[in-house]
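In: Here is the input, now give the coordinates:
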Amino acid sequence: MKFLKIVLLVAVLLIVVVIGGVAFLLVGVDPNSYKPELEKLARDNGVELKMEGDLGWSFFPNLAVHAGATSLSGIDDSAGIPDVRFNDANFVLDWKALLTRKVRLAAIAVEGADIRAKTAAEAANVAALPGAAASTQKTETADLPFEVAIDKMSLTNSRITIVTPGAPDQVFDQLNFTSEGLNLDNRPFDLSLEVSTQIPDQPNPFALSLNSRAALQLEPQQVSLSDAKLTLKGLDKLPLTLNFNASYNGASDSFSLSDLTGSVGSAKISGAMTGEKVQTAPALTGEISLQNLLLKELPMEPPEGFSRVDLSTKFSASEKAVSLDDLKVTLDKFNLGGKLSMQLTTPRQLDMIINGNDLVLPATTETSSTEEQAAIFTPLLAPLAMLEGGKGHIEVNLASITADNIRVDKLHLNLFTNGNVVQIADLSGGVFGGAFKVNAKADLRNKTPSVTFSKTLTAIDLNQALVTLAEQGDIHGHLTMDFNGTSSGDTSDALMANMNGSGKFSFTDMQVDNINVEKSYCEMASLVEGRTLTGKTWPNFTRLNDMQGTVKWQDQIINLPGFTTGLGNLAVSGNGGANLASETYDMLIKSRLNGDTTSETGCTVKSKTIQNRDIPFRCTGSFAENGGGKCLPDKQFINQLIQGKIQEKLIDKFLKPSESKTQEGDTSGETTEQKDPKQQLMEGLLKGLFN
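Out: Below is the predicted model of the structure:
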């Protein structure tokens with residue numbers, strides 16, 4: 001009982017001392033008396049301080065000095081002090097220090113601050129404010145013993161404006177910052193930050209919040225964040241949440257970001273990063289992984305037919321170079337991997353190698369086009385736009401690519417750039433049972449770009465190609481072709497209009513279904529001979545011998561100067577061309593029977609007017625939409641054939657054939673056949689009539 005009485009007595013005495021001390025301060029000390037000293041102290045440190053409102057005491061919940069409207073700014077713009085104005089602030093005092101008549105500032109609570117930073121240095125000082133607040137400054141004069149050792153700091157309903165000359169001000173609104181236990185002794189303390197701003201072309205404000213355990217150490221200038229959580233909201237369907245640990249070492253000017261996990265939209269994100277020479281020549285290295293990102297959440301229009309993407313890579317970046325290693329991208333079922341390196345110093349240089357498996361592009365529709373299909377490759381070629389006249393190399397290998405039911409196997413692209421010259425050293429692959437290869441060079445240095453190219457097709461399956469491209473399957477065989485050309489222009493239409501080139505082609509194993517050319521020839525011969533072709537069954541197709549020819553392309557006209565083929569004893573040759581401007585064609589095709597039989601299984605032709613003679617057919621028409629065409633025996637040949645037939649009939653009917661006479665004195669046995677004058681007169685009459 002005696003001990004308890006002593007404890008109670010001590011407690012009562014302490015309460016009396018505290019109440020007495022506070023009463024003395026509230027009555028005997030006027031806070032406004034410190035305003036001139038505070039403004040002078042600020043001015044001595046290069047700060048212009050204006051305390052427009054009165055200072056007052058606050059006893060609950062803390063012993064504090066209340067300040068009304070106040071503004072401060074740097075006396076010299078080079079000091080890096082931003083313009084600050086606030087409506088209301090509370091400066092919490094250490095009451096124990098007040099008992100010794102010292103003013104020790106332990107906490108600051110600011111309401112409605114408006115901070116305006118005009119330079120990068122001022123913006124950096126705003127960011128460093130918590131660290132500055134944690135430092136301790138002492139001014140001990142007879143008039144004003146003053147200490148700053150801020151343990152708590154809060155900034156609520158405030159705003160930071162970053163002024164950039166020639167650009168709109170960047171305003172960070174609704175700023176709220178709190179920290180408790182601020183110190184520079186590397187002891188962890190809590191901090192919380194919330195801010196929002198408006199981003200151009202975004203309908204909603206961009207909101208950021210950060211909560212973390214922080215540690216500051218003055219020597220050797222270290223900052224660390226542990227168990228940090230960063231949240232970004234307002235980017236449409238891509239809210240971002242990150243959890244991480246981070247540290248910065250001012251002595252070595254380096255930082256590290258570790259244990260990074262979180263989400264961006266529907267995707268999971270993870271990674272790590274380190275940086276060197278952050279303030280002088282930043283150099284970053286690290287790795288990042290993004291898994292299951294739904295493309296519909298992206299602010300851009302996603303490639304049609306694809307729904308999600310996974311991405312992972314190791315990276316390094318500096319002012320001199322950027323590189324991506326172990327790059328892995330999955331677009332639905334399409335897997336792509338490779339590496340990229342780019343030198344950023346002049347002259348810039350790019351080297352990229354990409355390998356992928358089977359890529360299936362969505363089929364084109366009435367509202368989509370092949371250009372939209374090709375848009376998926378835009379990210380692969382985008383680094384070329386950053387070369388600024390330097391050198392670049394891109395190599396792409398795909399196991400296959402399928403578009404509109406056209407499948408290309410083992411696609412290979414080897415592309416080089418040097419300034420404004422782009423060269424496709426190799427674009428090749430397997431298609432329609434055969435192969436293709438393209439080499440091209442585009443010179444973009446002149447006002448009108450020019451292009452040279454060569455193209456090779458090898459053993460292309462015609463039936464497969466025609467069924468896929470034109471839904472027509474009557475022709476079988478294989479096409480091999482070489483073509484070299486040049487063009488100029490900056491649009492696809494101009495390139496087509498200015499195309500010039502030449503090449504050669506060949507067809508093997510040719511077969512045309514639903515037509516028998518040999519049967520048609522035999523039927524024509526039977527009509528000429530005046531007999532009926534009966535008693536034979538013909539197959540419903542035509543097999544042709546191998547065909548060879550040349551092709552020339554100039555001024556939108558494609559010429560076939562000559563080609564040859566045949567079947568059995570029938571030889572076929574021809575020439576002609578197509579006009580791309582008028583979308584018309586004109587072909588002259590000649591057939592010639594060598595001997596008196598078309599083939600072993602064909603027919604016998606007795607007429608001498610048909611044997612060993614070219615029989616021409618002219619094919620004309622249009623390949624435009626709803627165009628038509630026809631192939632008929634050549635008009636001049638028909639006239640000659642009719643003329644000869646009429647002449648033969650008339651002579652047989654009205655004229656007697658001239659007899660051959662043996663010239664006297666001739667012992668050689670040779671005879672001289674002379675035409676009757678009447679026969680000569682008939683031939684001249686018929687020629688005049690048909691001409």
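
In: what ranges do the helices span in this protein?
Out: With helices called from DSSP state H, the chain shows them at 2-28, 35-44, 95-98, 120-127, 129-134, 370-374, 378-381, 462-470, 492-497, 517-529, 635-654, 677-690.

In: Buried residues, stretch 56-74. List them.
Out: Applying a neighbour-count criterion of 16 or more other C-beta atoms under 10 Å, one finds 57, 62, 63, 64, 65, 66, 67, 70, 72, 73, 74 buried in stretch 56-74. Glycine gets a C-beta too; all of them are placed from N, C-alpha and C.

In: now do stretch 439-452
Out: Quick answer for stretch 439-452 (16+ other C-beta under 10 Å): 439, 440, 441, 442, 443, 449, 450, 451, 452.

In: how about those residues, which pair is most distant?
Out: Largest separation among the buried residues of stretch 439-452 by C-beta to C-beta: 439 and 449, giving 16.9 Å.

In: For residue 57, name its beta-bridge partners.
Out: Counting by DSSP bridges, residue 57 is bridged to residue 65.

In: actually residue 214, sorry about that
Out: Beta-bridge partners, per DSSP bridges, of residue 214: residue 189, residue 225.

In: Contact partners for it?
Out: 130, 179, 188, 189, 190, 191, 223, 224, 225, 226 (C-beta atoms under 8 Å, 6 or more residues apart in numbering).

In: Could I get the full set of strands for the stretch 451-600 of the chain?
Out: Ranges of strands within the stretch 451-600 of the chain are 475-488, 500-513, 541-544, 547-554, 557-567, 570-579, 584-593, based on DSSP state E, counting those that start in this stretch.

In: Please convert these to CSV, extending it with distance to residue 213, mean neighbour count and mean pLDDT.
Out: Listed next are the strands of the stretch 451-600 of the chain as CSV, based on distance: least, C-beta to C-beta, whole Å; neighbours: other C-beta atoms under 10 Å; pLDDT from 0 to 100:
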stretch, distance to residue 213, mean neighbour count, mean pLDDT
strand 475-488, 66, 18, 94
strand 500-513, 71, 16, 92
strand 541-544, 84, 17, 87
strand 547-554, 73, 16, 91
strand 557-567, 76, 16, 88
strand 570-579, 77, 18, 89
strand 584-593, 80, 18, 86
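
In: Throw these into CSV and include distance to residue 288, thanks.
Out: Putting these into CSV (distance: least, C-beta to C-beta, whole Å) gives the following:
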stretch, distance to residue 288
strand 475-488, 43
strand 500-513, 48
strand 541-544, 61
strand 547-554, 50
strand 557-567, 53
strand 570-579, 55
strand 584-593, 58
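
In: closest one to residue 251 among the ones you listed?
Out: strand 475-488 (60.9 Å).

In: quick revisit: just the buried subset of the contacts of residue 214, written out for PyMOL, thanks.
Out: The buried subset of the contacts of residue 214, as determined by 16+ other C-beta under 10 Å, is captured in PyMOL by this line:
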select buried, resi 130+179+189+191+223+224+225
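
In: Could you identify the least confident member of the contacts of residue 214?
Out: pLDDT is lowest at residue 130 among these; the value there is 63.

In: Would you mind measuring from residue 408 to residue 303?
Out: The gap separating residue 408 from residue 303 is 18 Å, by C-beta to C-beta, to the nearest Å.

In: now swap in residue 228 and tell me
Out: Residue 228 sits 35 Å away from residue 303, going by C-beta to C-beta.

In: Same question for residue 454.
Out: To residue 303, residue 454 is 31 Å away according to C-beta to C-beta.

In: Settle it for me: which of those two has more neighbours?
Out: Taking neighbours as other C-beta atoms under 10 Å, residue 454 and residue 303 compare with residue 303 leading, 20 against 15.

In: Tell me if I'm right that that one and residue 332 touch.
Out: No. Taking contacts as C-beta atoms under 8 Å, residue 303 lies outside contact range of residue 332: 9.9 Å.

In: ok so, going back, could I get the buried residues of stretch 56-74 as a markdown table with pLDDT and distance to residue 174?
Out: Listed next are those as a markdown table, based on pLDDT from 0 to 100; distance: C-beta to C-beta, whole Å:
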| residue | pLDDT | distance to residue 174 |
| --- | --- | --- |
| 57 | 75 | 30 |
| 62 | 69 | 25 |
| 63 | 73 | 30 |
| 64 | 74 | 25 |
| 65 | 74 | 27 |
| 66 | 80 | 24 |
| 67 | 81 | 22 |
| 70 | 84 | 21 |
| 72 | 81 | 22 |
| 73 | 80 | 23 |
| 74 | 77 | 26 |
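
In: so which of those residues would you say is closest to residue 152?
Out: Proximity of the buried residues of stretch 56-74 to residue 152 (C-beta to C-beta) peaks at residue 62, which lies at 9.3 Å.

In: how does the chain divide up, domain by domain?
Out: Per automatic domain parsing, the domain ranges recorded for the chain read 7-182, 514-633, 646-659+674-691.

In: By mean pLDDT, show me the worst of these.
Out: When I compare these, domain 646-659+674-691 is least confident, with a mean of 56.

In: quick one: contacts for residue 489?
Out: Neighbouring residues of residue 489 by C-beta under 8 Å, 6+ apart: 448, 449, 495, 497, 498.

In: do you know how far the fourth one is from residue 424?
Out: Right, residue 497. Using C-beta to C-beta, one obtains 22 Å as the distance from residue 497 to residue 424.

In: ditto for the first one
Out: In this structure, residue 448 and residue 424 are 20 Å apart, going by C-beta to C-beta.

In: Over to residue 594?
Out: 46 Å.

In: quick one, which of these two is more surrounded?
Out: residue 424 (16 against 13).

In: show me the residues around the closest residue to the more buried one other than its chain neighbours that make contact.
Out: Nearest residue to residue 424 in three dimensions, chain neighbours excluded: residue 440, at 4.4 Å (C-beta to C-beta, 6 or more residues apart in numbering). Residues counted as contacts of residue 440 (C-beta under 8 Å, 6+ apart) are 423, 424, 427, 451, 452, 453, 454.

In: Which single one of those residues is nearest to residue 465?
Out: residue 427 (18.1 Å).

In: on that earlier part again, next, give me the two most distant ones among the contacts of residue 489.
Out: Greatest spacing in those, by C-beta to C-beta: 449 and 497 (13.8 Å).

In: measure residue 286 to residue 245 for me?
Out: 14 Å.

In: hey, what's in contact with both of the two?
Out: Shared contacts of residue 286 and residue 245 (C-beta under 8 Å, 6+ apart): residue 257.

In: count of residues packed around residue 525?
Out: A count of nearby residues for residue 525, using other C-beta under 10 Å, gives 22.
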